[in-house]
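Trainee: I'll drop the sequence and a predicted model, then ask my questions.
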Amino acid sequence: MHIKVQDVMTTDVASVHAGTPFRDIAELLIARAVGAVPVVDGDRRVIGVVSEADLLRREEFREQYYHEGYRPPLRARLRARLGQQGGARAKAAGETAAALMTSPAVTVTAGTTTVAAARLMDEHGVERLPVVDAEGRLRGIVSRHDLIKTFIRADDDIEREVRVEILGRSLRADTSGVGVHVHQGVVTLIGQMDRRGDARTAVRMTRRVSGVVDVVDELRWKEDDATTWSGG
């Protein structure tokens, strides 16, 4: 039911090698309007990531690009300052990607769900993740912006998935009395089911559908099996 990283990732990925000079990395970030680039070896295996925060530790980057109107996002600037205060000043003298990069890189595979990818970004405080294959080779990149796309599914698509995948296949209960209405990602489940436990399961499973913003529960039931049902 969940959308995978492969469904939203970007495959046209800018990358650099360990020996790529500082200035070339800076120019690439500006030209591509991205906040970070993967660092790969000769076999395209991801060995690290160089971000705006890494470059912002160098006065040279700030002096050259700030007066040209370029200003990195606040989050990148804060990470740079915190990094300096936390003892990461050695990177400020880095001349190549190998010296500047964060390694090992936090990566995901194409089959990772977008939900898991979002949690990983939040956990590590990053805004994009390199997508790799089973051998660690670069396949693409997924950003926070890409993940937002999962919430822009058409209402008809969401309704179809709830009806077919949840009520029609996954939920082992009589759902003939259940109606589904979707407006701007908000799903309303209305009608009657045999047991309260099954109704609660239907609501819980619907919340997990990619693109669902919220679920309005207007389900009724014939039998209240709350004392014996173990669902959450």
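Mentor: Good, I have the coordinates.
Trainee: alpha carbons only for contacts and neighbour counts from here, please
Mentor: Fine.
Trainee: Spatially central residue in the protein, please.
Mentor: Centroid check for the chain by CA atoms, centre = their mean gives Ala118 as the closest residue, at 3.4 Å.
Trainee: how much space between Gln6 and Glu223?
Mentor: Gln6 sits at a distance of 42 Å from Glu223 (criterion: CA to CA, to the nearest Å).
Trainee: out of these two, which sits in the busier spot?
Mentor: When Gln6 and Glu223 are compared for neighbours, Gln6 comes out ahead with 19 against 11, by other CA atoms under 10 Å.
Trainee: Quick one: find the helix or strand in this structure with the lowest mean pLDDT.
Mentor: None of the helices or strands of the chain scores lower by mean pLDDT, DSSP states H and E than helix 74-85, at a mean of 49.
Trainee: Does the helix or strand that comes right after it pack against any helices or strands, and if so which?
Mentor: Secondary structure here is assigned by DSSP states H and E; on that basis, the next helix or strand after helix 74-85 toward the C-terminus is helix 97-100. When contacts are defined as 3 or more CA pairs under 8 Å, 6 or more residues apart in numbering; DSSP states H and E, helix 97-100 sits against strand 16-17.
Trainee: Let me see the mean pLDDT of the strand it packs on.
Mentor: The average of the pLDDT scores along strand 16-17 is 97.
Trainee: Which strands and helices lie in contact with it?
Mentor: In this structure, strand 16-17 packs against strand 36-40, helix 97-100, with contacts taken as 3+ CA pairs under 8 Å, 6+ apart.
Trainee: Out of these, which is closest to Val186?
Mentor: Proximity of the helices and strands packed on strand 16-17 to Val186 was assessed by CA to CA; the nearest stretch is strand 36-40, lying at 34.1 Å.
Trainee: distance between whichever helix or strand comes after the closest one and the chain's centre?
Mentor: Using DSSP H and E, the helix or strand that follows strand 36-40 in sequence is strand 46-51. If you compare the mean C-alpha spot of strand 46-51 with that of the full chain, they lie 17 Å apart, counting by CA atoms, centre = their mean, to the nearest Å.
Trainee: elements contacting strand 46-51?
Mentor: Applying 3+ CA pairs under 8 Å, 6+ apart, one finds that strand 46-51 contacts strand 36-40.
Trainee: so what strands line up beside the strand it packs on?
Mentor: Listed by DSSP bridges, the sheet partners of strand 36-40 and their directions read strand 16-17 (parallel), strand 46-51 (antiparallel).
Trainee: so which of those gets nearest Ala36?
Mentor: strand 46-51 (3.9 Å).
Trainee: Good, we can wrap up now.
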